[in-house]
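>>> got a sequence here, can you build the structure:
(chains A and B)
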Amino acid sequence: MNMPAAPNGPKKLSLKENYALLTRGLGWDTSYEDMDKAFPLDKFEGIRIHDWEKWEDPFRLTMDAYWKYQGEKERKLYAIVDAFQQNNGQFNVVDARYINTLKLFLTGVSPLEYAAHRGFAMAGRNFRGTSARIACQMQAIDELRHAQTQAHTISQYNKFFNGLHDPGHMHDRVWYLSVPKSYFEDAMTAGPFEFVTAISFSFEYVLTNLLFMPFMSGAAYNGDMATVTFGFSAQSDESRHMTLGLEVVKFILEQDPANIPIVQRWLDKWFWRGYRLLGLVSMMMDYMLPRRVMSWAEAWEMYFEQNGGALFNDLARYGIRMPKYHDVASMEKHRLSHEVWGIFYNYTHAAAFHTWVPEQAEMEWLASKYPETFDRLYRPRLEYWRAQQEQGKRFYNPTLPMLCQTCQIPMGFTEPDDPTKICYRESDYRDNKFHFCSDGCKDIFDNEPEKYVQSWLPVHQIYQGNCFRPGVDPTAPGFDPLAEVLLYYGYHVGEDGGEYLDSPDRRNWEQWTGKPAVAT
Amino acid sequence: MQIDIKTQAVTQLRQTFSHVARYLGNDKPASRYQEATYGLQAETNFHYRPLWQPELELYDKRRTQLVMKDWYVLRDPRQFYYGTYTITRARQQESMEKNIDFVERRGLLRNLAPAAVEALVLALVPLRHLEWGANTHNCHVTAYGWGTALTQATMFHTMDRLGLAQHLSRLGLLLDGNTGESLAQAKALWLNHPAWQGLRRVTEKMLVTQDCMEVFFAQNLVLDGLLYPLLQNHIEPHCAAEHGPAISLLMDFLPQWFDETSRWVDAVTKACVAESAANHDLVAGWLAQWGALVNDALEPYAGMVLGEKGPQAVKAVEAILEARVGKLGITLDRAVA
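Numbers count the residues shown, from 1 in each chain, chains lettered A, B, ... in the order given. You can find the predicted model right below:
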């Protein structure tokens, strides 16, 4: 055996050097097989990469460190989730209306975490650059973490509240969940560069403070310790993902000037796709949280107009400009949440969460946050609905709405310069007419019509008879197609949707906690 | 005397998610593994055909010839979900770290004679590239496989293989005193040395293999099933005998890891071939075809390290794999020619 006193000690390595040595040289150019056959998908989008070595590793995490950090985070998270369950922490939230944000989250967002996991696994397979593959794989496994920890955290709520019991089944079928589903499938069915631009940059970097974080902040404000613990635990993953998003876009832009117009088109598309998806978050922030964090308009100003504006200023040196129609999004910020809540109030009997008319004090809050629009445009409608409800005529809309071919949201949005007039746009393609909620959605369709004609539009599908359970006979006497659709969705009819004040959730809450159904 | 903590009694509405209850047959308490696995992947009503493969759906069972009525029977006996996976690996890494630290502090590898260093680099360090290949192959299965039961386990396996590649890189750095020279040498060996070309050729062939279950079996059952016993039973004991036992401290993790992950690979294999005669014959065919390629690849490698004992060692590990797959229900002579 050698003696411990080594004559020449090893060279000291910085973290960066260590990472580079352990990682960078792992890949090689294949010679027994054609490199373009081994990595067939990283050229067809037209993005030109001359030197994959220029990819700066944004994480510099080796697997030993990854296991150590993440294992420790998981130990802590599950200790808290266990304690939460043992102590019936689900009853510590402000009131049972809050649970509806979790329903939206578990059915609308958690499946996206899973989709991100698989999408990044695809990118982690398909880039020929070693560091780029590793970065995507790290995010792939992180996203799996998020999908699974969300299921475990919200599992406890599912045992006591309705609407949470079948998230994956609903995500594949329910009308409004086709909005997030189609958003992510749009990215995954694109090539690997568009996918990472869409998800890492537009979604994670530009919009995460408007999507993931409002749910977590909402949890903190409303006494949901389980979700907020998960949120804090995921925060360090998210900041890694944001770093990757910026790195991806800069890398692509720096590789070749021919990449710039392609990336700009993707930024335009994914900004508008993402913004439309955020319509769901806007109503959550303004209407669904009993204790509100900030208004949608304030969040948009802070996180998009200020932070996003500064980001796009930085990117101007690459020849990148602000995404198209960002000005429209800003014009809409005083009405977006009200229009979306209105849609869901109409169709809540076909949704897996409850809606309600805000209390007077909440209307005052809305009026103070939306002085130009709320009292003039939206309060009268809410008060009318309240009056109808008090006469035993709670309004439900029994018809099916027309959906936008691109974002798949019912066509309830208004003209950019007139909040009292519904916005309709249309395009002709292959002898068919296609309908859109906005110029942004129409542009996206017009750029790739062959993709968006394929949209699985829930309302069209219902009318075509594709939303009934197997074995059901639509010609049977007394067949009620809409009732049958709710069963196809996997709903427990009478429990999962409808007016909050009439719901079993409300009754159980009062009985179990002795607290009021609507916190004051 | 009985001690009671008074708690409020509330009858919960349900025990688990509906999709888990459907899978389990009724609503009963489910494990974290079950709630983290069933129903996660989208299954229907896909919106757009992939630009990169318009003939198939985004997720599509037809990305392999293997046919399963229910892909969720391919469960992981370790019941790994993200939390249990990372916590397990973190614990193992801790003990591995002690070994590395011991070897590093005492300079057990960097103070070896230059010829010994060279021999160890030649025999072991190019494996980092093979592991990187294994990483990519498992990532392929994760990307294109069907069902979270399988694809979450291949995700963990993907990251394991990166971890192994990095572990072998650290072995190189312990040999070269952190200069990275051994890694540059190893890459040149991987690219050019005749003894490594067979393994590189097999690895590259897997990179152009599309069928995701074929890739799964080629790497995780056949290549690993031959290579890891060769490393454990022959290469590592040989290196230790020739160049001192320090190398064994660093190689210690590999057989442990192989034993643990083999339990999972075996469970998947068994369930696949038990499903139908067609599956059996398909897997047996892949086994025969990739087995022959890997055998050709291992002979020069084993010969280089073990000299005249090489062929015998390769035969021995072939017998091990044959016995193993026999226990899993595979009859090799029924393989498709």
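>>> show me which residues of the stretch 151-300 of chain A sit near chain B.
A:151-152, A:155, A:158-162, A:164-169, A:171-173, A:178, A:181-182, A:185-186, A:188-191 (Cβ under 8 Å from any Cβ of the partner chain). All C-beta spots, glycine's among them, are computed from the backbone N, C-alpha and C.
>>> of the residues you listed, select the buried ones using a PyMOL command.
This is how PyMOL selects the buried members of those, with burial counted by 16 or more other Cβ atoms under 10 Å in any protein chain shown:
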select buried, chain A and resi 151+152+155+158+159+160+161+162+164+165+166+167+168+169+171+172+173+178+181+182+185+186+188+189+190+191
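>>> which non-adjacent residue is nearest the spatially most central residue of chain B?
The centroid of chain B falls nearest to B:Asn220 when counting by Cα atoms, centre = their mean (4.8 Å). Nearest residue to B:Asn220, sequence neighbours excluded (Cβ to Cβ, 6 or more residues apart in numbering or on different chains): B:Val265, at 4.8 Å.
>>> is it true that that neighbour touches B:Gln219?
No. Using Cβ atoms under 8 Å as the test, B:Val265 is too far from B:Gln219 to be in contact (9.6 Å).
>>> these two: which is more packed in?
B:Gln219 (30 against 21; other Cβ atoms under 10 Å in any protein chain shown).
>>> ok but the more buried one is inside a strand, no?
No. In this structure, B:Gln219 is helix, not part of a strand, as judged by DSSP: H, G, I helix; E, B strand; the rest coil.
>>> and the pLDDT at it?
At B:Gln219, the model reports a pLDDT of 98.
>>> who's in contact with the residue nearest to it when sequence neighbours are not counted?
Sequence neighbours aside, B:His137 is the residue nearest to B:Gln219 in space, at 4.4 Å (criterion: Cβ to Cβ, 6+ apart). Shown in contact with B:His137 (Cβ atoms under 8 Å, 6 or more residues apart in numbering or on different chains): B:206-207, B:215-216, B:218-219.
>>> closest one of these to chain A?
B:Leu207 (4.0 Å; Cβ to the nearest Cβ).
>>> was I right to think that closest one contacts B:Asn135?
No. B:Leu207 lies out of contact with B:Asn135 (Cβ under 8 Å); the separation is 11.4 Å.
>>> and the closest residue to chain B within the stretch 301-450 of chain A, how far from B:Gln41?
When distances are taken as Cβ to the nearest Cβ, the stretch 301-450 of chain A reaches nearest to chain B at A:Gln408, 8.6 Å away. The gap separating A:Gln408 from B:Gln41 is 21 Å, by Cβ to Cβ, to the nearest Å.
>>> quick one: contacts for residue 144?
Just so you know, I chose chain A. Residues A:113-114, A:117, B:82, B:152, B:155 are the ones in contact with A:Leu144 under the rule Cβ under 8 Å, 6+ apart.
>>> that's the wrong chain, I wanted chain B
Contacts of B:Tyr144 by Cβ under 8 Å, 6+ apart are A:122, A:125, B:63, B:212.
>>> so what's the third one closest to, chain neighbours aside?
Looking back up the chat, that one is B:Arg63. B:Tyr144 (4.7 Å).
>>> rewinding a little: would you list the contacts of B:Tyr144 in TSV and tack on neighbour count and distance to B:Val10?
Output for those, formatted as TSV (neighbours: other Cβ atoms under 10 Å in any protein chain shown; distance: Cβ to Cβ, whole Å):
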residue	neighbour count	distance to B:Val10
A:Met122	24	44
A:Arg125	26	47
B:Arg63	20	46
B:Cys212	21	46
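>>> take the residues you listed and keep only those in helices.
In helices, judged by DSSP state H, the following of the contacts of B:Tyr144 are found: A:122, A:125, B:212.
>>> out of those residues, the closest to A:Leu246 would be?
A:Met122 (21.0 Å; Cβ to Cβ).
>>> tell me the contacts of that closest one?
A:188, A:192, A:195, B:143-144.
>>> could you measure from it over to A:Gly191?
Distance, A:Met122 to A:Gly191, by Cβ to Cβ: 10 Å.
>>> check A:Thr107 too.
Counting by Cβ to Cβ, the gap from A:Thr107 to A:Gly191 is 29 Å.
>>> the stretch 351-500 of chain A: helices as residue ranges?
Ranges of helices within the stretch 351-500 of chain A are A:360-369, A:379-390, A:439-447, A:449-452, A:458-463, A:481-488, based on DSSP state H, counting those that start in this stretch.
>>> and among the ones you listed, the most buried is which?
Mean neighbour count (mean count of other Cβ atoms under 10 Å in any protein chain shown) peaks for helix A:439-447 among the helices of the stretch 351-500 of chain A, with a mean of 20.
>>> that helix packs against which elements?
Applying 3 or more Cβ pairs under 8 Å, 6 or more residues apart in numbering or on different chains; DSSP states H and E, one finds that helix A:439-447 contacts helix A:259-283, strand A:425-429, strand A:432-436.
>>> the next helix or strand after the longest one: how far from the chain's middle?
Looking back up the chat, that one is helix A:259-283. Downstream of helix A:259-283, the next assigned helix or strand under DSSP states H and E is helix A:296-299. Here helix A:296-299 is found 17 Å from its chain centre; the criterion is Cα atoms, centre = their mean, to the nearest Å.
>>> ok, back up a step: which one of the contacts of B:His137 sits in the busiest neighbourhood?
With neighbours defined as other Cβ under 10 Å, the most crowded of the contacts of B:His137 is B:Gln219; it has 30 neighbours.
>>> ok, that residue touching B:Asn138?
Yes. The pair B:Gln219 / B:Asn138 is scored as a contact, 6.9 Å apart, by Cβ under 8 Å.
>>> still on that earlier bit, need the pLDDT of the residue nearest to B:Asn220.
Looking at B:Val265, its pLDDT reads 98.
>>> helix or strand: which one has it?
When elements are assigned from DSSP H and E, B:Val265 belongs to helix B:253-275.
>>> so which elements touch that helix?
The contact analysis (3+ Cβ pairs under 8 Å, 6+ apart) places helix B:253-275 against helix B:82-105, helix B:148-176, helix B:224-230, helix B:277-306, helix B:310-327.
>>> in it, which residues are buried?
Buried, per 16+ other Cβ under 10 Å, within helix B:253-275: B:253-255, B:257-258, B:261-262, B:264-273, B:275.
>>> one more: stretch B:58-74?
Quick answer for stretch B:58-74 (16+ other Cβ under 10 Å): B:58-59, B:63-64, B:66, B:68, B:71-74.
>>> give me the mean pLDDT for it.
Rounded mean pLDDT across stretch B:58-74 is 98.
>>> now do the same end-to-end measure for that stretch.
21 Å (Cα to Cα, to the nearest Å).
>>> what's the answer for stretch A:302-314, then?
One end of stretch A:302-314 to the other measures 17 Å (Cα to Cα).
>>> sorry, back to before: can I get the contacts of B:Tyr144 in CSV with distance to B:Leu191?
Listed next are the contacts of B:Tyr144 as CSV, based on distance: Cβ to Cβ, whole Å:
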residue, distance to B:Leu191
A:Met122, 28
A:Arg125, 22
B:Arg63, 31
B:Cys212, 27
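>>> closest to A:Ser503 among the ones in helices among the contacts of B:Tyr144?
Nearest to A:Ser503 out of the ones in helices among the contacts of B:Tyr144 is A:Met122 (Cβ to Cβ; 40.3 Å).
>>> where does that closest one land on pLDDT?
Looking at A:Met122, the pLDDT reads 98.
>>> roughly how far is the longest helix seen in chain A from the heart of the chain?
Counting residues, the longest helix found in chain A (DSSP H) is helix A:225-255. Distance of helix A:225-255 from the chain centroid (Cα atoms, centre = their mean) equals 14 Å.
>>> which helices and strands sit right next to that helix?
For helix A:225-255, the packing partners by 3+ Cβ pairs under 8 Å, 6+ apart are helix A:63-86, helix A:130-158, helix A:192-196, helix A:208-221, helix A:259-283.
>>> I'm done for today, thanks for sticking with me.
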